[in-house]
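Visitor: 3D, please:
(one chain, ligands or ions: 1)
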Amino acid sequence: MTLRIDGKLLADEIVEEVSKEVADFTAKYDVVPGLAVVLVGADPASSVYVRNKVKRAVQAGLNSIEHYLPADVDQKTLDDLISSLNQDDSVHGILVQLPLPSHLSENRIIEAISPEKDVDGFHPQNVGKLSTGQQSLIPCTPLGCMIMLERQLGDLSGKKAVVVGRSNIVGKPMASLLLKANCTVTIVHSRTKDIEATCAEADILIAAVGQPKLITESWVKPGAVVIDVGINAIEVDGKRTLVGDVDYDSVLSKVSAITPVPGGVGPMTIACLMKNTLTAAQHQLSASLD
Ligand SMILES: Nc1nc2c(c(=O)[nH]1)N[C@@H](CN(C=O)c1ccc(C(=O)N[C@@H](CCC(=O)O)C(=O)O)cc1)CN2
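Guide: Coordinates of the predicted model:
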């Protein structure tokens, strides 16, 4: 029987665990970990994600600080805001919701965030540490995927893992994490020859390419564990529907476990942000006591 990995349920559990640890942390140090979320503009999807992040932060017992800036905000204003959040001791985590409007530089903003407060794990210092196997803040989506995989499979050592997609947010950090967990890792992308055959050898298949229902039955190995990171809005019978990069119905009977879309990786991304904020606060406090 195929297991449907319930990301919403697991996310609830993680936020509950984080809230207990936050309560202990606050009781011990008299400090409430603070998460600052910055939204530029009013993109509907980004607004939903930010709203859900704030809701989860409150559930986790974090201090949620929100900054809503107009879509035409200039780079200097955003740089100044990040600089003031970096200096604010009540803020332990900073997240700038992506994508930013095209006149703003995402790289400049990511690099402006203090690496210790970079709860997205996107700063080059955190990326470098992750890729060299050092302790760092880990991007939330790949972290959520690893938690789901480890709860499903336990030890991942020796598994063949294929990551479809090479983005900085998901594909590359996902590959680093799988390698750290002793998997044999392949990243496939638009220039890979015979992607389908490579995917069909994977014990673990991570789909993070942003192409609706690309991966069908012939792409998966019998018994594989499939993690679908894609969240694509398509029209079905004139109605907006969310689907993953995997054709769920087509692969379902062949795989041993699979994440659905919606309700799989998405909720875990937000839960892991709460986890990262607590981790950042713990590290900042222990550094200040050194
Ligand atoms: N600064 C960041 N920006 C972005 C990130 C990120 O990790 N950091 N990731 C994505 C968006 N994202 C979080 O920000 C995100 C996307 C989707 C979900 C989610 O829960 N999706 C639901 C469906 C939601 C819906 O109905 O539209 C699901 O999959 O069940 C959470 C977070 C890009 N930007």
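
Visitor: V119 reaches V96, doesn't it?
Guide: No - in this structure V119 lies outside contact range of V96 using CB atoms under 8 Å: 10.5 Å. (Glycine included, C-beta is placed from N, CA and C.)

Visitor: neighbour count: the two, which is higher?
Guide: Neighbour totals were compared for V119 and V96, and V119 leads with 29 against 25 (other CB atoms under 10 Å).

Visitor: number of residues surrounding the nearest residue to that one once chain neighbours are set aside?
Guide: Closest residue to V119 apart from its sequence neighbours, by CB to CB, 6 or more residues apart in numbering: G93 at 3.6 Å. Counted with other CB under 10 Å, residues neighbouring G93 total 29.

Visitor: for G93, give me its contacts.
Guide: By CB atoms under 8 Å, 6 or more residues apart in numbering, G93 lies in contact with 33-36, 117, 119, 273, 276-277, 280-281.

Visitor: narrow these to those in strands?
Guide: Judged by DSSP state E, strands contain the following of these: 34-36.

Visitor: tally of neighbours for V18?
Guide: Counted with other CB under 10 Å, the neighbours of V18 add up to 27.

Visitor: the ligand contacts on this structure?
Guide: 48-49, 95-98, 120, 140-141, 231, 242, 261-263, 266-267, 269-270 (CB under 6 Å from any ligand atom).

Visitor: rerun at 8 Å
Guide: 7-8, 45-46, 48-50, 52-53, 95-99, 120, 122, 139-141, 169, 231, 233, 242, 261-267, 269-270, 273 (CB under 8 Å from any ligand atom).

Visitor: so which residues of the stretch 101-250 of the chain form strands?
Guide: 160-164, 184-188, 204-207, 225-228, 232-236, 239-243 (DSSP state E, counting those that start in this stretch).

Visitor: make JSON lines from those and add mean pLDDT and mean neighbour count to it.
Guide: JSON lines is the format used below for these (pLDDT from 0 to 100; neighbours: other CB atoms under 10 Å):
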{"stretch": "strand 160-164", "mean pLDDT": "98", "mean neighbour count": "26"}
{"stretch": "strand 184-188", "mean pLDDT": "98", "mean neighbour count": "19"}
{"stretch": "strand 204-207", "mean pLDDT": "98", "mean neighbour count": "28"}
{"stretch": "strand 225-228", "mean pLDDT": "98", "mean neighbour count": "28"}
{"stretch": "strand 232-236", "mean pLDDT": "95", "mean neighbour count": "11"}
{"stretch": "strand 239-243", "mean pLDDT": "96", "mean neighbour count": "12"}
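
Visitor: quick one: contacts for the closest residue to the ligand within the stretch 1-150 of the chain?
Guide: Going by CB to the nearest ligand atom, the ligand is nearest to L98 of the stretch 1-150 of the chain, at 3.6 Å. Contact analysis of L98 by CB under 8 Å, 6+ apart lists 46, 106, 169.

Visitor: spell out the secondary structure type for it.
Guide: Classification of L98 using DSSP: H, G, I helix; E, B strand; the rest coil returns coil.

Visitor: nearest spatial neighbour of the residue of the stretch 151-290 of the chain at minimum distance from the ligand, chain-adjacent residues omitted?
Guide: Going by CB to the nearest ligand atom, the ligand is nearest to G266 of the stretch 151-290 of the chain, at 2.3 Å. Among residues not flanking G266 along the chain, I231 sits closest, at 6.0 Å (CB to CB, 6+ apart).

Visitor: tell me which residues of the longest helix anywhere in the chain are tucked away?
Guide: Secondary structure of the chain per DSSP state H: the longest helix is helix 265-289. Residues 265-281, 284 are the ones in helix 265-289 that count as buried (16 or more other CB atoms under 10 Å).

Visitor: now swap in stretch 4-22 and tell me
Guide: For stretch 4-22, burial by neighbour count (16+ other CB under 10 Å) applies to 5-7, 10-11, 14-15, 18-19, 21-22.

Visitor: picking that back up, pull out the buried residues from the ones in strands among the contacts of G93.
Guide: 34-36.

Visitor: how about the helices in the stretch 51-200 of the chain?
Guide: With helices called from DSSP state H, counting those that start in this stretch, the stretch 51-200 of the chain shows them at 75-87, 106-112, 124-131, 140-153, 171-180, 195-199.
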